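# Task: produce atomic coordinates for the following.
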Amino acid sequence: MEYTGYVVCDCYQKGKTLDPPHKEYVRFDKKGLHIYIPKEIMKQEKKVGSEMEADFYKWKTNACEHEDMVLEEEYFSNSWGWSDFRTFINDSGGKLKFPVLTKYLPKTCGGILRASRANEILKELALLEALRPVRERVTLIEIKSGDVLATSSSDEPLFMSTAYKHNFYLDRSGFFIVPNIYGKDRMKFELFRSVNFVQHSRGIGKYTYTDVSTGSSIECTHCLYPMRGLEPIVDYEFEIRYEPDYDWVHDIINSLKILAEASVKTGNPVHWC
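Residues are numbered from 1 along each chain as shown. Presented below is the predicted three-dimensional model:
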């Protein structure tokens, strides 16, 4: 799941567009600018109603200088990053210090933030930005190519992939393999862990993972790299890299600020997607 948001422009409200087709059925509300075809028209002449909707949305696409009348649209994060961001807010004071962010940031896709709350959000974002942490980002790479297989700054293990008998994870201590069994108990039965290891390819469905420093190894049916069906029988070496992650919070805060400022400017709500 990915989290995004947008704010529609105020061009229609300010009379900066030509009249839309079928204007008598056009409404501007908290959802934005839409056409609402009466049910009786849709029931009696569904084709006509559909054509009316098509006319309107074609007009809306190029009605003003903003494509589809969207003033600002921002990507926040995937579900992992968004969960980390909400955890950061909670750990930094939660609803006592950041009541608006805690209450109105989306927990699932959908919903709006009313424009009347936008200034409050901006004030809380300024406070939050001052507390911006530096986290350690853990990244698993294939050494020769530099390709990134997985990266995370979360405190929770990141699930990478599954095989017939094994599940592959990444956490702050490195790459590890556990049995492919149901429930959280699988984490208690760690079969392999490493920060520098080699994938020995014996053929399709036959792979050995060996830690470079200790020589400990495990046989698996799963190919970690490359992610193709007919990979060559070649050995690949991987390592964990640790880097400071300065921007993981800043990027989300900046995107939220852009949308909140657009909401203040237009008087239109922020739509969560």
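# What's the local residue count around Tyr207?
Tyr207 is flanked by 22 other residues according to other C-beta atoms under 10 Å. Backbone N, C-alpha and C define where each C-beta goes, glycine included.
# Now Ala63: closest residue in space that isn't a chain neighbour?
Thr17 (4.5 Å; C-beta to C-beta, 6 or more residues apart in numbering).
# Which residue lies nearest the spatial centre of the chain?
Centroid check for the chain by C-alpha atoms, centre = their mean gives Asn78 as the closest residue, at 1.8 Å.
# Not counting its neighbours along the chain, what's nearest that residue?
Closest to Asn78 by C-beta to C-beta, 6+ apart is Glu2, at 5.3 Å.
# With Trp272 instead?
Per C-beta to C-beta, 6+ apart, closest to Trp272 is Pro106, 4.0 Å.
# helix/strand/coil for the one you found?
At Pro106 the chain is in coil, as set by DSSP: H, G, I helix; E, B strand; the rest coil.
# Compute the distance between Thr142 and Gln199, please.
Not quite, residue 142 is Glu, not Thr. Here the criterion is C-beta to C-beta, to the nearest Å. By it, Glu142 lies 9 Å from Gln199.
# contacting residues around the residue nearest to the centre of the chain?
Met1, Glu2, Tyr3 (C-beta atoms under 8 Å, 6 or more residues apart in numbering).
# can you pick the most crowded of these?
So for these (other C-beta under 10 Å), the most neighbours sit at Tyr3, 23 neighbours.
# where along the stretch 101-250 of the chain do the helices fall?
118-130, 247-266 (DSSP state H, counting those that start in this stretch).
# contacts for the first one?
Think helix 118-130. In contact with helix 118-130 (C-beta under 8 Å, 6+ apart) are residues 88-89, 92, 97-101, 104, 113, 249-250, 253, 256-257, 260-261, 263-264, 270.
# Are any of those residues buried, and if so which?
Among the contacts of helix 118-130, those classed as buried by 16 or more other C-beta atoms under 10 Å are 88-89, 92, 98, 100-101, 104, 113, 249, 253, 256-257, 260-261, 263-264, 270.
# How is Pro21 assigned, secondary-structure-wise?
Applying three-state DSSP: Pro21 is coil.
# distance of it from Leu158?
Counting by C-beta to C-beta, the separation of Pro21 from Leu158 is 49 Å.
# Please apply the same query to Pro269.
On the measure of C-beta to C-beta, Pro269 and Leu158 end up 34 Å apart.
# now swap in Tyr57 and tell me
In terms of C-beta to C-beta, Tyr57 sits 40 Å off from Leu158.
# neighbour-wise, which of the two wins?
Under the criterion of other C-beta under 10 Å, the comparison of Tyr57 against Leu158 puts Leu158 first, with 17 against 14.
# what pairs with the more buried one across the strands?
Beta-bridge pairing of Leu158 under DSSP bridges involves Leu170.
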